[in-house]
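Quick one, what's the 3D model for this:
(chains A and B)
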There are 2 protein chains.
Amino acid sequence: MSLTIKLQLTSHRHNLNHLNLGACLKNTNFTTTKFRPKPIYHSDPLISIVFHTHKPTMHAPKRSAQPSSIKSSLIDPDGGALVDLVVPESDRAAKTLEAEQLPKVWLTKIDIEWVHVISEGWASPLKGFMREDQYLQSLHFNSLRTKDGSVVNMSLPIVLAIDDETKERIGSSTNVGLVGPDGDLIGILRSIEIYKHHKEERIARTWGTTAPGLPYVEEVITPAGNWLIGGDLEVLKPIKYNDGLDHYRLSPQQLRKEFDRRQADAVFAFQLRNPVHNGHALLMNDTRKRLLEMGYKNPILLLHPLGGFTKADDVPLDVRMEQHSKVLEDGVLDPETTIVAIFPSPMHYAGPTEVQWHAKARINAGANFYIVGRDPAGMGHPTEKRDLYDPDHGKKVLSMAPGLEKLNILPFRVAAYDTVQKKMAFFDPSRAKDFLFISGTKMRTYARSGENPPDGFMCPGGWKVLVQYYESLQSEEASQQTAVLST
Amino acid sequence: MSLTIKLQLTSHRHNLNHLNLGACLKNTNFTTTKFRPKPIYHSDPLISIVFHTHKPTMHAPKRSAQPSSIKSSLIDPDGGALVDLVVPESDRAAKTLEAEQLPKVWLTKIDIEWVHVISEGWASPLKGFMREDQYLQSLHFNSLRTKDGSVVNMSLPIVLAIDDETKERIGSSTNVGLVGPDGDLIGILRSIEIYKHHKEERIARTWGTTAPGLPYVEEVITPAGNWLIGGDLEVLKPIKYNDGLDHYRLSPQQLRKEFDRRQADAVFAFQLRNPVHNGHALLMNDTRKRLLEMGYKNPILLLHPLGGFTKADDVPLDVRMEQHSKVLEDGVLDPETTIVAIFPSPMHYAGPTEVQWHAKARINAGANFYIVGRDPAGMGHPTEKRDLYDPDHGKKVLSMAPGLEKLNILPFRVAAYDTVQKKMAFFDPSRAKDFLFISGTKMRTYARSGENPPDGFMCPGGWKVLVQYYESLQSEEASQQTAVLST
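Now for the predicted structure:
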């Protein structure tokens, strides 16, 4: 039995030593306390203390016998223990046999990305696709209350849709087998709950619009079935993509191990779905400098490109990974203090709602600092000539989000091309006319036309990767046009 | 300086005495503890303890010198003290003079309803129209974090819209004067903040749809300006409507006083915007019985019809109040243990989002039990042939909502007309065919056509009020048609 006490301090100057917490436990049946260090930078410092009636049992990971490998000491995973839903190899044969006997649910490519995300604990403490109570909390409160009463952030519904026919086939079975697009058995969903998929409401509450043209909605939600199926997930073996990039797909457990191996005393995560230009690099290097000034000795950067579904005009993952490699090769970022890995989640383009998910997942991966910039996870409005989200809402919402109090949010200073210094620099409003903002669209136009961006915008090696990608795209388009003409 | 400790117990059987909390404070500069009794019925009991460095100052109400009058002992107002924003009479002249000098914001009839709601503390701890940080928390999390770190429920954005011209007129002024539709000075909004009114996003996140035809959207949001103005409210004098119903408009402070005067040991609130039929009465009387069985000696019913904006085809407030009077006169509800009062909020018809507001406001009014039924605050989808909300979502969302942990949620058992017993009774699924569900639409059809509903559906006195209302409506329609024909 455990009991959580949350201390919510009204001031940064509050001295915790004023509270004689040890005395609390005298002559009681509670024996252990656990302190979480006070976050820096966050406006609402919150410290959780967990009292246990017995010494807390170590939540041993299923994949490994070393309990120390499941977390670095920097930040606890949500729910206290990292979820790991891959069945041990010794059980695989039996579980596969069981899965074969069950009614089947066929998964799409993006469903598999979510299976990957859930199974490795990015969404800890979530242990499967959401049941209705979790779905409703996520949709209305962007958070889940856990069994011990504490609140974890959970801003996106992580759900699995099925159609009427599948629902009928499942009948009254309590478990189902999950099958990939190629017919491979992927896993089992246990103690299932089937409930209505209210698509309009899900879309409106997640994106704040129901306008046609939202990429994830068109790709995933509109074609999906009218039911959602929740339950506890078991995955028969680790999800692999065999695209030459699997070595970049480090699980939260592997990342935490790596941070420990490097003896990181701070980990700052940078989420991205675009090529890295020197403005990004400036900001990451500046963040490192600030952390050193704050007294950290070994801050590590987690450069963490999103690897799941992205919209058609985003630069594909393999090209981005090559570009990121060049940025490290060219010395723009320091390989000694940088870890490049892939975040396996699909992209929603849901702005302030989604940025919370991006931050929450990085807590589980062991990052205790999170960089947030202008209009995170945003895009243009699909039917109107404006940004879909207020560009400032992302960081505001993130800084107030329930369950993210333990994460240190680092607001992004806007970088732009300084035409006087001829390099990317932090924007100085007092000489605004000296700065050139180079948008993603503008960057693509340069790369497509073979024109070079201003000197110092991106390292030459990285830029070359993009130019080659757009050249290959154009020659592909040309050959398609030729093919069309010749038929 | 204060510090809140939240105990989140993992089990109802947890004995608080196991924790030696007094010892916590020994040799510290914290001196006072305040316990909130453990809620019954709620799945996540949560107890807040506030530590103060000094003895807590009593938050004296501005209207009264007796601190004891601001709360009954049953449930604390959100934020600990009931907000009261009506300026003391002695300051009225000076404040009026000040308001006259300020740039003006003109209020609509519904804005005034919100001024009323905020000024009397129904939305405690909210002290004015929302600034952007409150608006965003409300929209995304349905809750607000207060300065002491605790969370209060706040599911509807309570905001004031202004147009471009008003924004320009305000210029750099930090305060504005509020003017009613008739030109009367209503109050002052201080330390204002003006921010964008993202209407589409507000609608989508509040209603879970952007379909045309939502009553509050069409009446209030669509015609409103493109900016929202937040700030601290001061109201020059109590809001009155002079419609013969003001004596029913008891403030939260007055209600708490009345519960104390009646020595209530439990108060159960029933929110409604429709006439009371015998199914409602059955449920309210049954609730009282259950509370007596639980050991309460004097449970009081707060019959609390909503008095602000309602859609055109709802029964108007004056007719409903007359109908409710008859229900008490006819002895269907016991006047000795019932308080009838008006809840001044406008209606959003926003289902699961709005039911939280309805419950939260009743906490501030001193009710510690809240009855919730099928599809609370719901309506038909404006463009599709279905309910706008899943009828079960309201009570599910309410039972999990952040900040409502201290309120005891009493789920509604469905009552219908039992054609065998010839009275309203709790629906028995084992003999479903014996039951007749009489919807609001069906009831209106009976009343309009002069046909009597089944015997025992509603007390004769109450039914007569409705019949007379629909007759007057028809004769009004007829005379309008005659007028049209004769022109």
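
Report the secondary structure state of the residue nearest the centre of chain A.
Nearest to the mean C-alpha position of chain A, counting by CA atoms, centre = their mean, stands A:His358 at 3.5 Å. Following DSSP: H, G, I helix; E, B strand; the rest coil, the label given to A:His358 is helix.

Quick check, pLDDT for it.
pLDDT for A:His358: 98.

thought it was touching A:Leu272?
No. With contact defined as CB atoms under 8 Å, A:His358 does not count as touching A:Leu272 (9.9 Å). The C-beta positions use only the backbone N, C-alpha and C, and glycine is treated the same way.

Pairing-wise in the sheet, spell out the partners of the spatially closest residue to the residue nearest to the centre of chain A that is not a sequence neighbour.
Distances taken as CB to CB, 6 or more residues apart in numbering or on different chains put A:Gln271 closest to A:His358, at 4.6 Å, once the chain neighbours are dropped. Counting by DSSP bridges, A:Gln271 is bridged to A:His304.

Likewise for A:Val235?
A:Val86, A:Gly187.

give me the number of residues near it?
As a burial measure, A:Val235 scores 20 neighbours (other CB atoms under 10 Å in any protein chain shown).

Same check on A:Leu97?
Using other CB under 10 Å: A:Leu97 sits among 10 other residues.

List, one by one, the residues from the stretch 51-200 of chain A near chain B.
By CB under 8 Å from any CB of the partner chain, the residues of the stretch 51-200 of chain A that approach chain B are A:51, A:132-133, A:136-137, A:140-143, A:145, A:147-151, A:155, A:196, A:198, A:200.

Okay, and which of those map to strands?
A:Phe51, A:Ser143, A:Arg145, A:Val151, A:Lys196 (DSSP state E).

if I pick the residue nearest to the centre of chain A, what's in contact with it?
By CB atoms under 8 Å, 6 or more residues apart in numbering or on different chains, the contact set of A:His358 is A:Gln271, A:Leu306, A:Phe343, A:Ser345, A:Tyr370, A:Pro376, A:Ala377.

Can you tell me how far it is from chain B?
Per CB to the nearest CB, to the nearest Å, A:His358 is found 15 Å from chain B.

Check the offset of stretch A:433-440 from the chain's centre.
28 Å (CA atoms, centre = their mean, to the nearest Å).

no no, stretch A:465-485
32 Å.

average pLDDT across that stretch?
82.

go on, stretch A:99-108?
98.

which helices and strands sit right next to the longest helix seen in chain A?
When chain A is parsed with DSSP state H, its longest helix is helix A:460-486. Taking 3 or more CB pairs under 8 Å, 6 or more residues apart in numbering or on different chains; DSSP states H and E as contact, the helices and strands that helix A:460-486 lies on are helix A:317-329, helix A:440-449.

Including neighbour count, could the contacts of A:His358 go into CSV?
CSV is the format used below for the contacts of A:His358 (neighbours: other CB atoms under 10 Å in any protein chain shown):
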residue, neighbour count
A:Gln271, 25
A:Leu306, 22
A:Phe343, 25
A:Ser345, 23
A:Tyr370, 23
A:Pro376, 24
A:Ala377, 23
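
Just the ones of those residues in strands?
Per DSSP E, the contacts of A:His358 map to strands at A:Gln271, A:Tyr370.

Now tabulate the contacts of A:His358 in TSV and tack on pLDDT.
Below are the contacts of A:His358 laid out as TSV (pLDDT from 0 to 100):
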residue	pLDDT
A:Gln271	97
A:Leu306	98
A:Phe343	98
A:Ser345	98
A:Tyr370	98
A:Pro376	95
A:Ala377	96
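
From the contacts of A:His358, pick the one nearest A:Asp164.
A:Ser345 (28.4 Å; CB to CB).

dump the residue contacts of the closest one.
A:Ser345 neighbours (CB under 8 Å, 6+ apart): A:Glu113, A:Trp114, A:Val117, A:Trp122, A:Leu306, A:Gly307, A:Gly308, A:Trp357, A:His358, A:Ala361.

which residues of chain A score low on pLDDT?
Along chain A, segments meeting pLDDT under 70 span A:1-72, A:483-487.

Swap in 80 and give it another go.
Within chain A, the segments meeting pLDDT under 80 span A:1-73, A:412-413, A:440-441, A:480-487.

how's it carved up into domains?
A:91-235, A:252-477 (the TED database).

which residues in chain A form helices?
A:21-24, A:89-101, A:109-119, A:132-141, A:164-170, A:199-207, A:215-216, A:252-261, A:278-293, A:317-329, A:351-364, A:393-400, A:440-449, A:460-486.

And the longest one, what's buried?
Residues of helix A:460-486 classed as buried: A:Gly461, A:Gly462, A:Trp463, A:Val465, A:Leu466, A:Val467, A:Tyr469, A:Tyr470 (neighbour count, 16 or more other CB atoms under 10 Å in any protein chain shown).

what's the offset of that helix from the middle of its chain?
Remark: helix A:460-486 is offset 31 Å from the chain centroid, using CA atoms, centre = their mean.

isn't A:Asn142 right next to A:Met154, touching?
Yes. With contact defined as CB under 8 Å, A:Asn142 reaches A:Met154; the gap is 6.9 Å.

how many neighbours does A:Asp84 have?
The burial count for A:Asp84: 23, using other CB under 10 Å.

Indicate the residue of the stretch 51-200 of chain A located nearest to chain B.
Residue nearest to chain B within the stretch 51-200 of chain A (CB to the nearest CB): A:Gly149, separated by 2.7 Å.

That residue and A:Ala211: what is the separation?
As judged by CB to CB, to the nearest Å, A:Gly149 and A:Ala211 stand 38 Å apart.

got it, and A:Gly351?
13 Å.

These two: which is more packed in?
A:Gly351 (25 against 17).

For chain B, see how far away the more buried one is.
For A:Gly351 relative to chain B (CB to the nearest CB), the value is 9 Å.

what sits against that residue?
Taking CB under 8 Å, 6+ apart, we find A:Gly351 in contact with A:Trp207, A:Gly208, A:Asp375, A:Pro376, A:Ala377, A:Gly378, A:Met379, A:Leu388, A:Tyr389, A:His393, A:Gly394.

same question, A:Val420
A:Arg431, A:Asp434 are the contacts of A:Val420 under CB under 8 Å, 6+ apart.

Got phi/psi on it?
phi -80, psi -50 (degrees, to the nearest 10).

any idea how far A:His198 is from it?
Applying CB to CB to A:Val420 and A:His198 gives a distance of 54 Å.

go on, A:Val315?
As for A:Val315, its distance to A:His198 is 34 Å (criterion: CB to CB).

now A:Leu250
36 Å.

Next up, the contacts around A:Cys459.
A:Cys459 neighbours (CB under 8 Å, 6+ apart): A:Asn278, A:Lys326, A:Val327, A:Asp330, A:Val332.

Which one (most neighbours) among the residues you listed?
Comparing these by number of neighbours (other CB under 10 Å), A:Val327 comes first, having 24 neighbours.
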